[in-house]
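Enquirer: what follows is a predicted structure for the sequence shown.
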Amino acid sequence: MSLAVSNRYANALVDVVIGSKGAIEPHQVVAQLQALEQAMQSSSDLRNVLLSPAVTLAHKNKVMGRICEQLGMHRLVRNFVFVVIRNRRAHLIPQMRAAFERGLDARMGVVKADISSASELKDASRASLEAQLARLTGKRVRAQYSVDPALLGGAVARIGSTIFDGSVRGQLYTLRRKLTAGA
């Protein structure tokens, strides 16, 4: 249930941000929501104020107004946060932020790729790999890189549930499977 609710709020925010015709950049919205998440995680008092039914909506809005001002939140994000608080959904802000990023990526034709390589990749290799993945998916690629020495060499890219395995370990596994199947 909370995932569906988070997705509805996030999709509404995506609509507002895209419809604002450049009033605020999407990456700024993500950064501001992340800052709010961090503030909520680091302050138990703030969490208590936002989540307690004993605290009045007016007091919650006053506290959140100060927080939004300190964080330098844009008017659109601040209004979104006030709607979330009014509807008693403040506990879902982390899920809403993640759903906002997914929804925004989907609307803008971007896919997220998690790429593991045996060693740190140079910028030229990263650019080449991202270009190949963009050709395969037909979308722009936003990549996150990590190092996994167990791969021996090469790289493995995961986009959603699809895995592109160009690692030495993967090639050895395929070779072993072919050899044992023929025996």
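Expert: Structure received.

Enquirer: ok, residue 140 touching residue 112?
Expert: No. Using C-beta atoms under 8 Å as the test, residue 140 is too far from residue 112 to be in contact (10.4 Å). Just so you know, the C-beta spots here come from the backbone N, C-alpha and C atoms, and that holds for glycine as well.

Enquirer: would you mark the buried spots in the element among helices and strands of the chain having the smallest mean pLDDT?
Expert: Least confident helix or strand, the chain: helix 168-182 with a mean of 82, by mean pLDDT, DSSP states H and E. By neighbour count with 16 or more other C-beta atoms under 10 Å, helix 168-182 contains the buried residues 169-170.

Enquirer: what about the helices in the chain?
Expert: Counting by DSSP state H, the chain has helices at residues 2-19, 26-42, 44-51, 57-71, 75-86, 93-108, 123-137, 168-182.

Enquirer: looking at the ones you listed, which is nearest to residue 160?
Expert: Proximity to residue 160 (C-beta to C-beta) singles out helix 123-137 among the helices of the chain, at 9.4 Å.

Enquirer: contacts for the closest one, please.
Expert: Contact with helix 123-137 is made by 111, 113, 115, 121, 140-141, 143, 145, 155, 157, 159, 164, as judged by C-beta atoms under 8 Å, 6 or more residues apart in numbering.

Enquirer: for the nearest residue to residue 47 once chain neighbours are set aside, what are its contacts?
Expert: Nearest non-adjacent residue to residue 47, counting by C-beta to C-beta, 6 or more residues apart in numbering: residue 40, 5.6 Å away. When contacts are counted by C-beta under 8 Å, 6+ apart, residue 40 touches 46-47, 50, 90, 93.

Enquirer: redo that, cut-off 10 Å
Expert: 46-47, 50-51, 67, 90-91, 93-94 (C-beta atoms under 10 Å, 6 or more residues apart in numbering).

Enquirer: filter those residues down to the buried ones and hand me the PyMOL line.
Expert: Selecting only the buried entries of these in PyMOL, with 16+ other C-beta under 10 Å as the criterion:
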select buried, resi 46+50+67+90+93
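
Enquirer: got a markdown table for the contacts of residue 40, with distance to residue 6 and pLDDT too?
Expert: Converted to a markdown table, the contacts of residue 40 look like this (distance: C-beta to C-beta, whole Å; pLDDT from 0 to 100):
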| residue | distance to residue 6 | pLDDT |
| --- | --- | --- |
| 46 | 20 | 90 |
| 47 | 17 | 89 |
| 50 | 16 | 89 |
| 51 | 16 | 89 |
| 67 | 20 | 92 |
| 90 | 12 | 92 |
| 91 | 10 | 92 |
| 93 | 9 | 94 |
| 94 | 9 | 93 |
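
Enquirer: quick revisit: now the buried members of the contacts of helix 123-137.
Expert: Using 16+ other C-beta under 10 Å as the burial test, the contacts of helix 123-137 include 111, 113, 115, 121, 141, 143, 155, 157, 159, 164 as buried.
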